[in-house]
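J.: with the sequence up front, the predicted model follows.
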Amino acid sequence: MATKKAADRPNVSKDELLKYYREMLLIRRFEEKAGQLYGMGLIGGFCHLYIGQEAVVVGLEAAAKDGDKRITSYRDHGHMLACGMDPKGVMAELTGRIGGYSKGKGGSMHMFSKEKHFYGGHGIVGAQVPLGAGLAFADKYLGNDNVTFAYFGDGAANQGQVYETYNMAELWSLPVIFVIENNQYAMGMSVKRSTKSTTFYGRGVAYGIPGEQVDGMDVLAVKAAGEKAVAHCRAGNGPYILEMMTYRYRGHSMSDPAKYRTREEVEKMRSEKDAIEHVRDLLLQGGLASDDDLKAIDKEIKATVNDSAEFAKDSPEPPLEELWTDIYA
Amino acid sequence: MATQVLMPALSPTMEEGTLAKWLVKEGDVVKSGQIIAEIETDKATMEFEAVDEGIVGKLLVSEGTAGVKVNTPIATMVEEGEAADAAPAPAATKAEAAPAAVAAPAVSAPVAAPVAAAGWPHSDLPEGVPTKTMTVREALREAMAEEMRADPTVFLMGEEVGEYQGAYKISQGLLDEFGAKRVVDTPITEHGFAGIAVGASWGGLKPIVEFMTFNFAMQAIDHIINSAAKTLYMSGGQMGSPMVFRGPNGAAARVGAQHSQDYAAWYSAIPGIRVCMPYSAADAKGLLKTAIRDPNPVIFLENEILYGRSFEVPAEGDFTIPFGKASILRAGTDVTIVSFGIGLTYSLQAAEELAKEGISAEVINLRTLRPIDYDTVLASVMKTNRCVTVEEGFPVGSIGNHIGATIMQRAFDHLDAPVINCTGKDVPMPYAANLEKHALTTTAEVVEAVKSVCYR
């Protein structure tokens, strides 16, 4: 299936483009900073960066309304920032400090915000898919019109529980959008090596779920597809599958040298398909913003990210009593 | 030659049933495969077919008779030309080999008899409270129905819970009362629907997940532990999983290795979940109501063999049992027997036998395994100075191991003998009746263990 063409794009205002630019840039700069802090030993364990995939979450959040829910895997920093969680709280969780969203007890892979309807942050590949359908089950049961975005990768797309969930989600018409972030590598295994039939969006056909493939490097295409999927779900028509064709620039985690792909391949994606550069071009070429305008935004984002890093360094480690809290409600 | 028609066993755990209806009368000619009677088990009404062709001689058990034991002769069949009351042939030897006696050897107590009639002074209910007799099955159903009436966010999901009325009839009637929105039939996809239920609990609902048996919950154990048990902690206290995972656990009877396993010790190892293992109908009702209201994920381990047993349950009011509160089913002075769930069947039988030999056993029903009521156990051991634990699970890393270690650490000087753990054997469950009997713990083993710690 063809990806969305520029001609299909809805008209987009300057303010919208600036918003997307700002949000995607925040994620990228935040992740770059997280990579630095990891190198300094301030962040431990696993740390999966979202750099390259920013358009997916920013575009879909643009299609969401208040009350909608989201849930994802361990590559979750971008999703949290995109839904409005405070960069300070996210970064402080990465450094394992009391000021983090989970008081330092969750870490990079396990953060939540009830206020922003962000339900994690899950470390077991594919687990978030039925969990997300469950959130949608609750909304349908409670009789509201919220939808849930359940994000997972091309790796998770081969897990059995995904298909158990497809069946029940369609059977019960659950308002859930399955967002497959196809960044083409499940850790080191390319889609071609793991999967015979590589059109993940088409796998819903067996369950009666409509799906489409989207250029996940184009925030406007993502938003347009998201709006269509949301409309489908909100109208009570059941789930929808969006396969976002995207790319992660960094390794799977900080310790991944990414030898399974060539430097040229990465460079090609960065130079030809980068989501932020794309919006930057639209803004500059359309005369909607000047270089100076964008520089001002860059500066502002840099300050926000630096503040989050400072907060994450200054926030104390959780007191030892925290070891024993939050086990039972 | 006349032959006998015997009351059939229609499920792995059936010991008796009701002869609901005869579909033939004396003198009728029946063909092989013809339905001759309807028999009600505690789970369902089943049609009973003639095995051979012949003529119905005598109907030995009349319609509507309840409590007909498996292998009881219910009719005679005669051949053409034989008298209707011709003496039946070798049925006596058949009856001696009655499979019921070996199918569930552990269960020698009268199944349908109320607690008081069983001869065990083990009611742990408050004195003076009016009670009614009900089965564990009915108690579980009543607990769910009461909580579903009280809280519209409580719902039941699982395989066959709705239109089939429950694989073990625990949810019988709930679909009629609460509708398909709240009694949700799922496809056979434990991993998937357990995940959906956990997500629903985060979304503001209070799911009760019925696993047809806990053996199948191994497909779903990732969601029980990684998703349900840990999220409150991983979210820094922002969101927990108020829900119940329930269903039969442990050995039933003759269902083989993959369907006979006790998960008590497995789940009890996990912080973040509660674990209940009821014995009586009162336990079942009081604990399940508490479990449904609890803001944490609760593992509720039932037992198929106990489903049909009757006990006294408070007849009125909102009866709940707090977690972490053991009960003393039988007071004693010489030894403490600590058990839970069906282990108490052996424990109470052993206590009864031991009493005849002058050994006074105190029998503790833990009721919940997470939390465990250590105080009640330790207080009893400090009094009796001896302890035997009884469970059906595997021996390595058992609940008994943990109880024994705790007593050693906290009451070492009070012990007059090492604690003995009576457990299931360290083998997969065999199918053969005699092997299965020995794979489980037995009353004889409990008696022997008690005598050993009493140096008798």
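T.: Arrived safely.
J.: can you confirm B:Met134 is in a helix?
T.: No. Using DSSP: H, G, I helix; E, B strand; the rest coil, the assignment for B:Met134 is strand, not a helix.
J.: quick one: it from B:Val363, how far?
T.: To B:Val363, B:Met134 is 22 Å away according to CB to CB, to the nearest Å. Yep, even glycine has a C-beta here, placed from its N, CA and C like the rest.
J.: ok, those two, which is more surrounded?
T.: Taking other CB atoms under 10 Å in any protein chain shown, B:Met134 and B:Val363 do not tie; B:Val363 has more neighbours (25 against 21).
J.: so the more buried one, which of the three states?
T.: With three-state DSSP as the basis, B:Val363 sits in strand.
J.: surely it and B:Val335 touch.
T.: No. Counting by CB atoms under 8 Å, B:Val363 sits too far from B:Val335 to count as a contact (9.6 Å).
J.: for residue 261, what are its contacts?
T.: Unless you meant another one, I'm taking chain A. Contact analysis of A:Arg261 by CB atoms under 8 Å, 6 or more residues apart in numbering or on different chains lists A:185, A:190.
J.: oops, wrong one, chain B.
T.: B:214-215, B:249-251, B:393, B:429.
J.: for PyMOL, write the selection for the buried entries among those.
T.: To isolate the buried ones among the contacts of B:Gln261 in PyMOL, judged by 16 or more other CB atoms under 10 Å in any protein chain shown, type:
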select buried, chain B and resi 214+215+249+250+251+393+429
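J.: closest to chain A among the contacts of B:Gln261?
T.: Distance to chain A across the contacts of B:Gln261 (CB to the nearest CB) is lowest for B:Asn215, with 18.0 Å.
J.: how about the closest one, phi and psi?
T.: Backbone geometry at B:Asn215, expressed as degrees, to the nearest 10, gives phi -60, psi -40.
J.: for the residue of chain A found nearest chain B, which non-adjacent residue is closest in space?
T.: Nearest residue of chain A to chain B (CB to the nearest CB) works out as A:Gly134 at 2.0 Å. Spatial nearest neighbour of A:Gly134, excluding adjacent residues (CB to CB, 6 or more residues apart in numbering or on different chains): B:Gly199 at 2.0 Å.
J.: one more: B:Phe323?
T.: What sits nearest to B:Phe323 in space, not counting adjacent residues and going by CB to CB, 6+ apart, is B:Thr368, at 4.7 Å.
J.: just grab the bridge partners of the one you found for me.
T.: On the basis of DSSP bridges, B:Thr368 is bridged to B:Cys276.
J.: dump the residue contacts of it.
T.: B:274-277, B:287, B:323-325.
J.: same thing with A:Met91?
T.: Contacts here follow CB under 8 Å, 6+ apart; on that basis A:Met91 touches A:30, A:33-34, A:37, A:100, A:308-309, A:311-312.
J.: parallel or antiparallel, list what pairs with the helix or strand containing B:Ile36.
T.: Following DSSP states H and E, one finds B:Ile36 within strand B:35-40. Take DSSP bridges as the rule and strand B:35-40 pairs in its sheet with strand B:16-22 (antiparallel), strand B:45-49 (antiparallel).
J.: tabulate those (TSV), appending mean neighbour count and mean pLDDT.
T.: Converted to TSV, the strands paired with strand B:35-40 look like this (neighbours: other CB atoms under 10 Å in any protein chain shown; pLDDT from 0 to 100):
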stretch	mean neighbour count	mean pLDDT
strand B:16-22	20	92
strand B:45-49	16	88
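J.: how about JSON lines for those, with distance to A:Arg203 added?
T.: Output for those, formatted as JSON lines (distance: least, CB to CB, whole Å):
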{"stretch": "strand B:16-22", "distance to A:Arg203": "48"}
{"stretch": "strand B:45-49", "distance to A:Arg203": "42"}
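J.: burial count for residue 237?
T.: Unless you meant another one, I'm taking chain A. Number of residues near A:Asn237 (other CB under 10 Å) recorded here: 14.
J.: sorry, I should have been clearer: chain B.
T.: Residues within reach of B:Gly237, counting by other CB under 10 Å, total 17.
J.: burial measure for the residue nearest to it when sequence neighbours are not counted, as a count.
T.: Among residues not flanking B:Gly237 along the chain, A:Asp326 sits closest, at 3.9 Å (CB to CB, 6+ apart). For A:Asp326, the count of nearby residues is 20 (other CB under 10 Å).
J.: what about A:Tyr328, which SS state?
T.: Of the three states, A:Tyr328 takes coil according to three-state DSSP.
J.: which non-adjacent residue is nearest it?
T.: Leaving out its chain neighbours, the residue that sits closest to A:Tyr328 by CB to CB, 6+ apart is B:Asn296, at 5.1 Å.
J.: how many residues are close by the one you found?
T.: Applying other CB under 10 Å, we find 21 other residues in the vicinity of B:Asn296.
J.: give the contact list for it.
T.: Residues in contact with B:Asn296, defined by CB under 8 Å, 6+ apart, are A:328-329, B:232, B:240-242, B:272-274.
J.: could you dump those residues to JSON lines with pLDDT?
T.: Output for the contacts of B:Asn296, formatted as JSON lines (pLDDT from 0 to 100):
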{"residue": "A:Tyr328", "pLDDT": "98"}
{"residue": "A:Ala329", "pLDDT": "96"}
{"residue": "B:Leu232", "pLDDT": "98"}
{"residue": "B:Gly240", "pLDDT": "96"}
{"residue": "B:Ser241", "pLDDT": "98"}
{"residue": "B:Pro242", "pLDDT": "98"}
{"residue": "B:Gly272", "pLDDT": "98"}
{"residue": "B:Ile273", "pLDDT": "98"}
{"residue": "B:Arg274", "pLDDT": "98"}
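J.: of those, which is the most crowded?
T.: B:Ser241 leads the contacts of B:Asn296 on contacts (other CB under 10 Å) with 27 neighbours.
J.: make sure that residue is indeed in a strand.
T.: No. Looking at B:Ser241 with three-state DSSP, it is coil, so not inside a strand.
J.: I'd like the distance between it and chain A.
T.: As for B:Ser241, its distance to chain A is 9 Å (criterion: CB to the nearest CB, to the nearest Å).
J.: just checking, that residue touches B:Tyr233?
T.: No. If you go by CB under 8 Å, B:Ser241 and B:Tyr233 don't touch, sitting 11.1 Å apart.
J.: who in the stretch 251-400 of chain B is up against chain A?
T.: Proximity of the stretch 251-400 of chain B to chain A, by CB under 8 Å from any CB of the partner chain, involves residues B:271-272, B:274, B:295-296.
J.: quick check: domain ranges of chain B?
T.: Using automatic domain parsing, the domain ranges for chain B come out as B:3-83, B:117-314, B:325-453.
J.: taking the stretch 301-450 of chain B, what residue is nearest to chain A?
T.: For the stretch 301-450 of chain B, CB to the nearest CB, closest residue to chain A: B:Pro371, 9.0 Å.
J.: wait, which of the strands paired with strand B:35-40 is closest to B:Tyr263?
T.: Closest approach to B:Tyr263 among those is made by strand B:16-22 (28.6 Å; CB to CB).
J.: how far off centre is the closest one?
T.: Centre-to-centre, strand B:16-22 and its host chain are 23 Å apart (CA atoms, centre = their mean, to the nearest Å).
J.: following that strand, which helix or strand comes up?
T.: The helix or strand immediately downstream of strand B:16-22 is strand B:29-30, counting by DSSP H and E.
J.: just checking, what packs against that next one?
T.: strand B:54-59 (3 or more CB pairs under 8 Å, 6 or more residues apart in numbering or on different chains; DSSP states H and E).
J.: quick one: contacts of the strand it packs on?
T.: By CB under 8 Å, 6+ apart, the list of residues contacting strand B:54-59 reads B:2-3, B:22, B:24-30, B:36, B:74-80, B:82-86.
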